[in-house]
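Participant: Just a sequence and a predicted model for now, questions to come.
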There are 2 protein chains.
Amino acid sequence: MNLFDLDTPALVVDLDRLEVNLEAMAAHARAAGVRLRPHTKTHKTPEIARLQLEAGAAGITVAKLGEAEVMAAAGVTDILVAYPLLGAAKLERLARLRESARVVVSLDSVEVARGLGELGVATREPVEVYVEVDTGLHRLGRPTGEATAELVERVAAVPGIRVLGLMTHAGHAYGVGPDELGALVEDEVAGLRATRELCAQRGVELSEISVGSTPTAHAELGAAGVTEARPGTYVFNDTTMIELGAATEATCAAFVLATVVSRPSEDRFVIDAGTKCLSSDHDDRPGWLRVAGRDDLAFEFLNEEHGVGRLDPERGRTLAIGDKVLVIPAHVCPVVNLFDSMTLVREGRVEGEWAIAARGRVA
Amino acid sequence: MNLFDLDTPALVVDLDRLEVNLEAMAAHARAAGVRLRPHTKTHKTPEIARLQLEAGAAGITVAKLGEAEVMAAAGVTDILVAYPLLGAAKLERLARLRESARVVVSLDSVEVARGLGELGVATREPVEVYVEVDTGLHRLGRPTGEATAELVERVAAVPGIRVLGLMTHAGHAYGVGPDELGALVEDEVAGLRATRELCAQRGVELSEISVGSTPTAHAELGAAGVTEARPGTYVFNDTTMIELGAATEATCAAFVLATVVSRPSEDRFVIDAGTKCLSSDHDDRPGWLRVAGRDDLAFEFLNEEHGVGRLDPERGRTLAIGDKVLVIPAHVCPVVNLFDSMTLVREGRVEGEWAIAARGRVA
């Protein structure tokens, strides 16, 4: 079947491009001698996790315990849950998960360490943790330097805990231009190295510096001291990655196939994909969505089930009710989370389908 | 079980408030003598559709055919699919759906009418349609007046089609203040009445004027000529409805229960619910999210799995790692679509769970 014969809306993945993206990042990490632990939140799909591991990844990263459970059930045996886990329900699930996989957990407080430590003591198998550091995103973690070193020392003193290293996510890189990424990463990694040194002075030797995000990946893989990288979006890319210079339209591998359901006026068109397929992420950025191969089309706004756009009549191209278009998302991770499955295509032919097995695992 | 003993994040619905909201809108429609056909996109849950029908709704509205299929399978027999349906795959599904339910479809083009008409002819049972009118949202439809009347005449001439009336969604009401809603609705309904008159002059008698949205509902139910109203959000409400004067915190019935997973600094807190639970809708509006009963807490930004907020230390209230909070969404409809089920509570006790059976039905 030709991909344009699919019913819409549909999430479509170009396997050739996916494979190119997987191999490019894997090759880069190999060359840099850095362990790759891709963040699977982008695809939430065990089949793609397996491809990442086959390409050389040492393990995977997930955002939530529920995602880890799906990946472990599919045979993944080395998982970083990059999230502070607390509460009896989650600790019980973590205990079960550790029966089939090595699980590292990130945290940024002694409170969370204490809960995990009880599990480590009870099972006589310390819980391995990364301490999360705030390198500028101002989300989780304390700043680099003494604030973090002091926290690391206290976490390391909790019985049942083994601190492996420092972890950060330079999400603030999404707010800077491509030219500033190099300096941002240099600051980030220098701060982590200095913090590790301070930890050593307090008697806590840390072997790991784990960083990650697709736009920063290239600079991070070349930075001294980094032992592990956790990019996620590179498998599919999106218009934000294009904007940040980390991708081109030709390396975008995931699309929402949509149908033009209305042409209410000469220059307006409406497609059957809105925020329920494309999310509202980044909709404050002009050109936040692109139609592949059609730069005469631009979106004005999305409602839940409608994508409303404008066609530039000067460009002389037509668009009729019933035509189908491939939309490149602005932020591909939440888009994948909105679909139950992805349709696989190669050279425009449908080759199969993968269930997005870890979709919607909020807890 | 107490609701605060639930694992998080969880979508929680207060049944007492839901029942109050359902009955208030039903009573208002009864008093106005207007048929209620609630939009079920807000809850996507057959059990709530059934409560709406028991409270007097004449039928339901859905956004997509997939939602209609779920509702029909649950026994709903009168459904408006408020969306232009086209293409062989959807027309086949519509044919099957019509075997178990009355289905009305909305459209705004002759192209869509032709496809539906073929089905009407083939089954010797005309497809009933509403013609959608643009009353200011500039999404689907032509403007009121001759532009729409001309379209209605052409649609009515398509074999196998029966035009029941005019339909609009005054989504532009979300952009005006509560004081301006009355005038906006007056314009909207006057335009529809005049258009119906023009249609009659062209020989097409229309019996229906169908309008709908929660913020405009009260004004619309009192407007001469309106025969049907399709509010959706009123069942749960959200901070946008509060902002528009259509709800108060006391009539908000759906919450995301979340846990404080970090207190990285004196005034910052992080909860385990981000856009994957709360969506990014309306995040450009200060105070777009509220924590029920805690006006000393305000959100700064959401990432996919993190809600990052600020606590006002001047207010003297604490917030500790492990504490749970109830977050009122900014736009409840996409939030419901992000969960597989909702937990039902009454006076803070867990009473059960409903599957969100029509979640994720994008097509």
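Facilitator: Noted; the coordinates are in hand. Numbers count the residues shown, from 1 in each chain, chains lettered A, B, ... in the order given.
Participant: For the stretch 151-300 of chain A, what lies in contact range of chain B?
Facilitator: Residues of the stretch 151-300 of chain A lying near chain B by Cβ under 8 Å from any Cβ of the partner chain: A:171, A:259, A:261-265, A:268, A:270, A:272-273, A:275-277, A:279-281, A:283-284. Backbone N, C-alpha and C define where each C-beta goes, glycine included.
Participant: Got a ChimeraX select line for the buried ones in those?
Facilitator: In ChimeraX, this line selects whichever of those come out buried by 16 or more other Cβ atoms under 10 Å in any protein chain shown:
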select /A:171,259,261,262,263,264,268,270,272,273,275,276,277,279,280,281,283
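Participant: Just the ones of the residues of the stretch 151-300 of chain A next to chain B in helices?
Facilitator: A:T275, A:K276, A:C277 (DSSP state H).
Participant: Find the nearest non-adjacent residue to A:R30, please.
Facilitator: Distance criterion Cβ to Cβ, 6 or more residues apart in numbering or on different chains; nearest residue to A:R30, sequence neighbours excluded, is A:G56 at 6.0 Å.
Participant: Tell me which residues touch the one you found, please.
Facilitator: A:A26, A:A29, A:R30, A:L36 (Cβ atoms under 8 Å, 6 or more residues apart in numbering or on different chains).
Participant: What strand or helix carries it?
Facilitator: Counting by DSSP states H and E, there is no helix or strand that carries A:G56.
Participant: So A:S341 sits against A:W354, correct?
Facilitator: Yes - counting by Cβ atoms under 8 Å, A:S341 touches A:W354, with 6.4 Å between them.
Participant: quick revisit: closest to A:D14 among the ones in helices among the residues of the stretch 151-300 of chain A next to chain B?
Facilitator: The shortest approach to A:D14 among these belongs to A:C277, at 17.4 Å (Cβ to Cβ).
Participant: Just give me the neighbour total for the residue nearest to the closest one when sequence neighbours are not counted.
Facilitator: Leaving aside its sequence neighbours, A:C277 sits nearest to A:P9 (Cβ to Cβ, 6+ apart; 4.7 Å). Using other Cβ atoms under 10 Å in any protein chain shown, A:P9 has 26 neighbouring residues.
Participant: Per-residue pLDDT of A:P9, please?
Facilitator: With respect to pLDDT, A:P9 scores 98.
Participant: ok, now how distant is it from A:A247?
Facilitator: As judged by Cβ to Cβ, to the nearest Å, A:P9 and A:A247 stand 22 Å apart.
Participant: Where do the domain boundaries of chain A fall?
Facilitator: A:3-9+A:247-355, A:15-235 (automatic domain parsing).
Participant: In three-state terms, label whichever residue of the stretch 101-250 of chain A sits closest to chain B for me.
Facilitator: Residue nearest to chain B within the stretch 101-250 of chain A (Cβ to the nearest Cβ): A:E111, separated by 4.3 Å. Classification of A:E111 by DSSP: H, G, I helix; E, B strand; the rest coil places it in helix.
Participant: those helices in chain A, which residues are they?
Facilitator: Under DSSP H, chain A gives helices at A:15-32, A:46-54, A:65-73, A:88-97, A:110-122, A:146-156, A:181-201, A:214-221, A:239-243, A:275-278, A:332-337.
Participant: The fifth one vs helix A:146-156, what angle?
Facilitator: The directions of helix A:110-122 and helix A:146-156 differ by 30 degrees, with axes from the mean of the first three to the mean of the last three Cα atoms, to 10 degrees as the criterion.
Participant: What average pLDDT does stretch A:301-311 get?
Facilitator: 98.
Participant: buried stuff in it?
Facilitator: Those would be A:F301, A:L302, A:N303, A:E304, A:E305, A:H306, A:G307, A:V308, A:G309, A:L311, for stretch A:301-311 by 16+ other Cβ under 10 Å.
Participant: And for stretch A:88-97?
Facilitator: A:K90, A:L91, A:R93, A:L94, A:L97.
Participant: now do stretch A:334-352
Facilitator: A:P334, A:V335, A:V336, A:N337, A:L338, A:F339, A:M342, A:T343, A:L344, A:V345, A:R346, A:V350.
Participant: ok so, going back, may I see the helices of chain A organised as CSV, with distance to A:R359 and mean pLDDT added?
Facilitator: What follows is the helices of chain A, written out as CSV (distance: least, Cβ to Cβ, whole Å; pLDDT from 0 to 100):
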stretch, distance to A:R359, mean pLDDT
helix A:15-32, 18, 97
helix A:46-54, 12, 98
helix A:65-73, 9, 98
helix A:88-97, 18, 98
helix A:110-122, 26, 98
helix A:146-156, 32, 98
helix A:181-201, 30, 96
helix A:214-221, 20, 91
helix A:239-243, 21, 96
helix A:275-278, 13, 98
helix A:332-337, 5, 98
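Participant: pLDDT score for the spatially most central residue of chain A?
Facilitator: The residue lying closest to the centre of chain A (Cα atoms, centre = their mean) is A:G232, at 3.4 Å. With respect to pLDDT, A:G232 has a value of 98.
Participant: Pull the number of nearby residues for A:A355.
Facilitator: A:A355 has 14 nearby residues by other Cβ under 10 Å.
Participant: Ignoring the adjacent residues along the chain, who's closest to it?
Facilitator: A:S341 (5.1 Å).
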